[in-house]
Each structure stands twice: as C-alpha cells, then as structure tokens.
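Chemist: Turn this into a model:
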Amino acid sequence: METIKHSKIPVNGINMHVAEIPGDGPPVLFLHGFPELWYSWRHQMLYLSALGYRTIAPDLRGFGDTDAPPSAAEYTAFHVVGDLVGLLDALGLKQVFLVGHDWGANVAWNLCLFRPDRIKALVNTSVVFSPRNPVRKPIESMRAMFGNDYYICRFQQPGEAEEELARVDTAQVIKKFLTSRNPGLLCVPKEVGFGGKPNSKITLPSWLSEDDVNYYATKFNLTGFTGGLNYYRAIDLNWELMAPWTGVQIKVPVKFIVGDLDLTYNTPGVKDFIHKGGFNKHVPFLQEVVIMEGVAHFINQEKPQEVSEHIYDFIKKF
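Modeler: The predicted structure is shown next:
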C-alpha cells in the first residue's frame with residue numbers, strides 16, 4: 001500500500017508503530033482488535049482519505065511493530081489509553097474522530113470515558129459498551145455464565161493459549177479466527193486447543209485473501225500472541241482500577257455497528273441491552289445503532305464498503 005506512511009512514535013514509555021495517510025482534513029483514529037493489526041482498517045483508511053480525511057491506525061501496545069511489554073499488568077485500560085493520548089499529543093492533535101473494533105472498541109469506550117475532550121465523535125463496531133459491575137469481577141462472572149472452557153477464561157493462564165496456538169501454523173490460526181462463524185469457537189476445551197486441527201482446510205471468503213492472511217501471519221510469527229492475550233489477562237485488574245468510574249456515562253456522540261451473526265451480538269443479554277434501553281442509559285449521546293444482516297464479527301473487513309460509508313455518513317455531520 002504505497003499511499004500509507006509508516007512511522008514509529010515514542011509514546012508513554014513505548015515505541016508505537018503508526019500507519020497513516022496524511023491529509024489536510026479532520027483526523028480519524030482507528031483502533032484494531034485481536035488477532036488483528038492496523039491492517040484491518042486498510043479499506044476504511046483509503047476510503048476516508050479519498051474524501052480528504054487524515055487517517056491514522058496504530059498497532060496497539062503488544063501488537064505488530066509496536067513494543068510489547070512482557071507483563072499482563074502493563075496492558076490495563078490506563079496503559080493503552082495513555083498510549084493513545086500520547087500519540088495524539090505527539091501528532092499535535094487536540095481532537096479526533098474515533099473508530100474501534102473488537103478490543104479496539106473496548107479501548108475506544110475507555111478513551112471516551114477517560115478523555116472525552118479528545119474525541120469529536122465515536123463510531124464503534126462489534127463490542128457494545130460494558131458498564132462496570134460493582135459487585136463481581138468479570139472473569140468470575142464469565143466462569144459462572146459460560147464455564148471454564150470459555151475462551152476468555154482459558155486465556156487467563158499465561159503460556160497455555162500460546163502453547164496451543166503454536167501447535168498450528170500461524171496462517172491457519174489467523175484464518176480460523178477471522179473466518180469462523182461457529183459459536184463453538186467461544187468454548188474451547190484443552191483437548192481441542194485454540195488452533196484447531198493442524199491440517200484442516202479453511203476456504204477463504206471473498207473478502208480475505210491469502211496475501212491478507214500472510215501479512216497478519218508474518219507479524220504474529222515475529223511477535224507471538226502474548227501481547228494480544230495480555231489484554232484479556234488484565235480484565236480483572238481493569239475492574240479493580242476502574243472502580244472510580246463505576247456508573248460514569250460515555251459523553252460523546254456515538255454510532256454503533258454490529259453484524260447480526262456476530263457472536264458478541266448473540267451473547268446472552270447483549271441484544272436486550274442494546275434494544276431495551278440499557279445502551280442508551282449508559283451512552284446517552286448514542287445517535288444510531290446499525291445491525292448489518294448476514295455479517296459476522298470481523299465486520300470492517302467482511303463489508304468494507306458498507307462500513308466505510310456508515311463511518312462517513314456519521315462523522316461528516318460534525
């Protein structure tokens with residue numbers, strides 16, 4: 001992608017890799033999920049830059065060409081949001097439009113929670129805002145609801161998931177994560193393993209090429225998956241540290257987009273939260289919710305044109 005400029009920027013004690021298409025228009029900051037990289041926003045960057053926007057997509061802490069501190073305790077919401085505030089300061093940006101997906105959506109919610117002054121408006125995808133439960137730690141709640149084989153519960157033990165993923169070719173792991181629409185992916189017994197069967201054939205959908213898979217695989221072959229897994233391992237620590245923000249609302253304009261086949265949308269309680277008032281209560285400036293039919297979790301790659309248009313239709317109002 002010749003039009004995309006790459007740089008390393010020192011922020012918050014780490015070096016962050018940033019992909020950017022320079023422009024004189026308003027800046028848009030894109031935050032990726034797991035197991036992804038800045039690259040998952042390639043289509044939206046090109047689309048919005050063609051309309052004059054300045055598009056910026058970092059590899060988050062622990063991913064790709066950005067530094068990966070070793071301890072899970074260094075992946076709290078405060079570390080990751082701190083990285084992004086540092087990035088905005090380094091780029092001389094007082095405010096940006098913000099777009100997130102998956103873990104990037106979680107980070108985006110927290111960035112808006114901590115520093116709403118830096119965000120003009122938010123378009124978040126796939127992962128709904130999750131208000132803090134003041135009584136029960138998240139991992140304990142997940143174990144009670146889904147059992148010990150639930151993937152987030154299984155990710156908690158350092159080294160275990162890494163060992164299972166290492167049994168399978170990295171490209172195969174990327175294909176499995178990005179293309180699966182099987183709810184069974186969320187509960188993975190140890191005997192099955194996160195990588196699945198080493199030689200199972202996965203046919204790529206039209207929206208994902210071998211070159212795309214190889215880009216991800218090349219980076220994850222260099223870094224491993226620990227950086228990304230550490231976000232999951234910091235969930236309970238986040239819960240402890242974020243006690244002062246219990247009940248605080250998201251006070252920026254928001255548009256939310258999710259696919260009707262997304263496993264997060266079909267998690268128990270999520271649809272009711274979105275459609276029966278809970279979402280609006282905690283995100284009072286929520287202006288639009290879009291449910292895309294026939295679309296699964298990796299929405300910005302599966303339906304790049306539609307998602308790009310949805311982002312533009314919202315941010316052009318501001």
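Chemist: which residues touch residue 317?
Modeler: Residues counted as contacts of residue 317 (Cβ atoms under 8 Å, 6 or more residues apart in numbering) are residue 121. Just so you know, the C-beta spots here come from the backbone N, C-alpha and C atoms, and that holds for glycine as well.
Chemist: Report the contact partners of residue 28.
Modeler: The contact partners of residue 28, by Cβ under 8 Å, 6+ apart, come to 48, 53, 54, 55, 56, 96, 97, 98, 99, 311, 315.
Chemist: can we see that at 10 Å?
Modeler: Counting by Cβ atoms under 10 Å, 6 or more residues apart in numbering, residue 28 touches 21, 41, 44-45, 48-49, 53-57, 96-99, 120-121, 123, 311-312, 315.
Chemist: try residue 224
Modeler: Contact partners of residue 224, counting by Cβ under 10 Å, 6+ apart, are 62, 68, 162, 165, 166, 170.
Chemist: same thing but at 7 Å, please
Modeler: Taking Cβ atoms under 7 Å, 6 or more residues apart in numbering, we find residue 224 in contact with residue 162.
Chemist: Relative to residue 250, how far out is it?
Modeler: 33 Å (Cβ to Cβ, to the nearest Å).
Chemist: Could you measure from residue 288 over to residue 234?
Modeler: Distance, residue 288 to residue 234, using Cβ to Cβ: 31 Å.
Chemist: between these two, who's got more neighbours?
Modeler: A count of neighbours by other Cβ atoms under 10 Å puts residue 234 above the other of residue 288 and residue 234, at 21 against 13.
Chemist: Now do the contacts for the more buried one.
Modeler: Neighbour list for residue 234: 72, 73, 75, 76 [criterion: Cβ under 7 Å, 6+ apart].
Chemist: buried subset of these?
Modeler: Neighbour-count burial (16 or more other Cβ atoms under 10 Å) applied to the contacts of residue 234 gives 72, 75, 76.
Chemist: which residues touch the first one?
Modeler: By Cβ under 7 Å, 6+ apart, the contact list for residue 72 reads 230, 233, 234.
Chemist: which non-adjacent residue is nearest the last one?
Modeler: Take residue 234 and drop its neighbours on the chain: the residue closest to it by Cβ to Cβ, 6 or more residues apart in numbering is residue 75, 4.4 Å away.
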